[in-house]
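S.K.: Sequence first, predicted coordinates after that:
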Amino acid sequence: MPRFLVYLIYNLLLPAVLLLGFPAFLIKGIKRGGLARNFRQRFGWFRERTLCRFEGERPIWVHAVSVGEVLLALKVIEALHSAAPGKKIVLSTTTTTAFGVADQHAHEFLTVIHNPVDLPFVTTRVIRLIRPEQFILIEAEIWPNLIGQLKRKGIPVKLINARLSPRSQRRYRKVRPLIKPVFSLVDQVTVPFATDIERWVSIGIAREKIQVLGSVKFDNTLAASDHLKIGELKQWLSDTGLPRNSKILMGGSTHDGEESLLAHTVSVLKNDYPNLELVIIPRHAERGPDIANQLEISGFEPVLKKSGSAKQNTSSDRPKAWIANTTGELRAWYHLADIVVVGKSLCGEGGQNPVEPILTGKPTIVGPNMQNFSDVITDLVNAEGIVQVTGTEELEPAIRDLLSSPQRTEALARNGAATMERHRGASTRTAALILSPRASHS
């Protein structure tokens, strides 16, 4: 389909889509908080102090949607700053929680903003104000008007750490005539695995534009701030009653239903392993109060990290369960676990990132629903670097097996780390590609 026709259809439908989606966006923003903060930036209006930061050298503009993409972007930004300390960078985010996490890392060289709504008059204004040297998209986020206007101004567009699950590939291929004219505007694409190349080619990216650099997400880099956070989290557990010499079963990025499943599993295992304790990090922090209620029903005394979000039970005859209902701490939390169960894999679909706990040297268990990470799961299962159960009934025996066999646990962690070694340095390689003069003028 001709590109002008694709853009015509998109811009005719976009206002209606934005209006229909605005109530849900508003409700989610209010629930998660921070909606009003710098809201005008979404429409291209910035305070004077932000405008002043755009002046001078043309920056690299990096865009990340939500918290996961922001954490990945920050790895690349750290590598960019190490390689080119004088380079200015702008990081835009879509969700309010992502903005809050990104803003904690704002610096003299790093300006954090809300991503502009993809309306032509809005994106035109933002591009004119920022004057980016190049535009970097994280993983798979494409904004047609923004990208089209950047390309008309001769500004390179790069898609880094590009992920495309088989499910997403099938969905994209159904509308290939509509998306190919937009995806073909991207100058360069970096992917984690060689198997990703064919997926991107199938939806319109030219093969010669794609490079395999490993996964930035799986690049085991631990910043100084992470070390400080680990100490802070460890102290909080101690202050709230975690017994010494405990074994921590940690549910990471859990979804609804998985918290109750983990609580039941721990209740059964405590008969034989009384020092086993449960820590839960939900995928969505605002679910903290609901999870607390579920755990109370399951016979636990919930302890929430974010105070004031639910009534705290002070009974002493019930086992405690800790709920980290905060955002942006998952990587630090994994360092404190003895066994990790990755969420959205048992009661959800698609799965959450299984590699972060493996990179911290922790034995890791996932459920059957890991479609979004099928490539890495295949590698890890074949290398005996992860445990994948086929159903919820297998979870308790799998955890029991790891608790009873330190040799098996150590081997699992060791094999997982070795399998992920290929991704070490992906952040540095990605930064080098971004800064390459040849790459910047593709």
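M.R.: Thanks, I have the structure now.

S.K.: which residues of the stretch 151-300 of the chain fall in strands?
M.R.: Listed in chain order, the strands of the stretch 151-300 of the chain (DSSP state E, counting those that start in this stretch) span residues 157-160, 188-191, 210-212, 247-254, 276-282.

S.K.: Nearest to Glu410, out of the ones you listed?
M.R.: Nearest to Glu410 among the strands of the stretch 151-300 of the chain is strand 247-254 (14.4 Å), distances taken as CB to CB. Just so you know, the C-beta spots here come from the backbone N, C-alpha and C atoms, and that holds for glycine as well.

S.K.: how about the helices of the stretch 1-150 of the chain, start to end?
M.R.: Secondary structure of the stretch 1-150 of the chain, counting by DSSP state H, counting those that start in this stretch: helices at 3-32, 48-54, 67-83, 96-103, 120-130, 144-152.

S.K.: hey, least reliable of those helices by pLDDT?
M.R.: Mean pLDDT is lowest for helix 3-32 among the helices of the stretch 1-150 of the chain, at a mean of 85.

S.K.: tell me how far it is from the chain's mean position?
M.R.: From the chain centre to the centre of helix 3-32 is a distance of 23 Å (CA atoms, centre = their mean, to the nearest Å).

S.K.: what ranges of the stretch 201-350 of the chain fall below the confidence cut-off?
M.R.: Residue ranges of the stretch 201-350 of the chain with pLDDT under 70: 221-225, 307-316.

S.K.: contacting residues for Lys320?
M.R.: Counting by CB atoms under 8 Å, 6 or more residues apart in numbering, Lys320 touches 240-242, 277, 300-303.

S.K.: Highest neighbour count among these?
M.R.: Pro302 (27 neighbours; other CB atoms under 10 Å).

S.K.: Look up how far Asp290 lies from it.
M.R.: As judged by CB to CB, to the nearest Å, Pro302 and Asp290 stand 11 Å apart.

S.K.: ok, the residue lying closest to Ala83 once chain neighbours are set aside - how many residues close by?
M.R.: Nearest residue to Ala83 in three dimensions, chain neighbours excluded: Ala431, at 5.4 Å (CB to CB, 6 or more residues apart in numbering). Neighbours of Ala431 under the rule other CB under 10 Å: 23.

S.K.: same check, this time on Pro2
M.R.: Pro2 has 9 neighbouring residues, counting by other CB under 10 Å.

S.K.: got the contact list for it?
M.R.: Contacts of Pro2 by CB under 8 Å, 6+ apart are Pro181.

S.K.: do the one 10 residues further on as well
M.R.: Contacts of Leu12 were listed using CB under 8 Å, 6+ apart, and none were found.

S.K.: returning to that earlier point: what are the phi and psi values for the residue nearest to Ala83?
M.R.: Phi and psi for Ala431, reported as degrees, to the nearest 10, are phi -60, psi -40.
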